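1. got a predicted structure here, sequence first:
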Amino acid sequence: MDLNFVEMYRQHVRHVSGGEAHDYESVTVIHGPGGAAIHNPVMVHGPTTAARVLDVAARDCRAHGRRHCIFLRAHADLDLEPELEEGGYRFVYATPGMCLARDRFLPVPPGAAGIEIRPVVSEHEVQLYGERVAEAFAIYGTKPATIRSFFERLDGLANPTVQAYMGWQDGAPVTGAILYASHGVAGVGWVWTRPTHFGRRLAEAATSAVLADGFARGLAVANLQASPLGEKVYARLGFASPTTYRTLLPVEMLG
């Protein structure tokens, strides 16, 4: 799950202009020029020290004036947090890390939601996906341009390990989700539903399409990091929450 989480972020920036991903053993730094701090994390995914994390963040982020955050794993990195706070970071929130084993997957028929779900296959559909997910995530106060910056090219949403899906109704896209396959894990990301269609359980159908694809590839488990609105959706699909990922921000961003 941890390594798949990092790979999802690598994919975010691998296919956008000016995107960067730098690996330092158990720490990976992600930078997307158009992203907010949450999209530019210093990600801990293995044994390391707080001093090492602070050094990487100082050289790759603070030295360049980049807005950024630090992601810690609640199941492995809590001992780092006190020293990171002494180094100028503060915990702000925790995101559920949820998982679903292949043998517990119960597909949701897309017809039950009254939509047709199909893979994203064109540059035009990439643009639509970016516009719709930006519209949906605006509920969290994220600027639309920030979200759209991650949806530049088709190869970012359709390549051998990534595939986006959109659900269509009356000729318009109303929901969507993306598969990020790596490390034997079906990562689920960028799940959205148009605000005008909230409450119809459309996101469950889109997520189910991604899971069906991932499990058909032989992946053993699905993984996602749930938004506040999404957590209940995934719980209904059978996801459990064995951990959380903790977000720390530089103190200068909290003033």
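-> The structure has been received and is ready for your questions.
2. show me the shaky parts of the protein.
-> The chain contains residues with pLDDT under 70 at 255.
3. so where do the strands sit in it?
-> 20-24, 27-31, 41-44, 69-73, 89-101, 116-119, 158-159, 162-169, 172-182, 185-193, 221-225, 240-250 (DSSP state E).
4. and of these, who's closest to Met1?
-> strand 221-225 (4.5 Å; Cβ to Cβ). C-beta coordinates here come from the backbone N, C-alpha and C atoms, glycine included.
5. tell me which strands that closest one pairs with, and in which orientation.
-> Using DSSP bridges, strand 221-225 pairs in its sheet with strand 89-101 (antiparallel), strand 185-193 (parallel).
6. let me have those strands in CSV, adding mean neighbour count and distance to Phe71 as columns.
-> Formatted as CSV, these follow (neighbours: other Cβ atoms under 10 Å; distance: least, Cβ to Cβ, whole Å):
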stretch, mean neighbour count, distance to Phe71
strand 89-101, 18, 9
strand 185-193, 25, 14
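7. in TSV, list these along with distance to Val221.
-> Below are the strands paired with strand 221-225 laid out as TSV (distance: least, Cβ to Cβ, whole Å):
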stretch	distance to Val221
strand 89-101	5
strand 185-193	6
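8. please point out which parts of stretch 27-41 sit buried.
-> 27-32, 34-41 (16 or more other Cβ atoms under 10 Å).
9. and the residues you listed, which two are the farthest apart?
-> Pairwise distances across these (Cβ to Cβ) peak at 22.9 Å, for the pair Val27 and Gly34.
10. mind putting the strands of the chain in a markdown table, distance to Val210 included?
-> As requested, the strands of the chain are exported to a markdown table (distance: least, Cβ to Cβ, whole Å):
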| stretch | distance to Val210 |
| --- | --- |
| strand 20-24 | 23 |
| strand 27-31 | 22 |
| strand 41-44 | 22 |
| strand 69-73 | 22 |
| strand 89-101 | 11 |
| strand 116-119 | 9 |
| strand 158-159 | 13 |
| strand 162-169 | 6 |
| strand 172-182 | 4 |
| strand 185-193 | 5 |
| strand 221-225 | 8 |
| strand 240-250 | 18 |
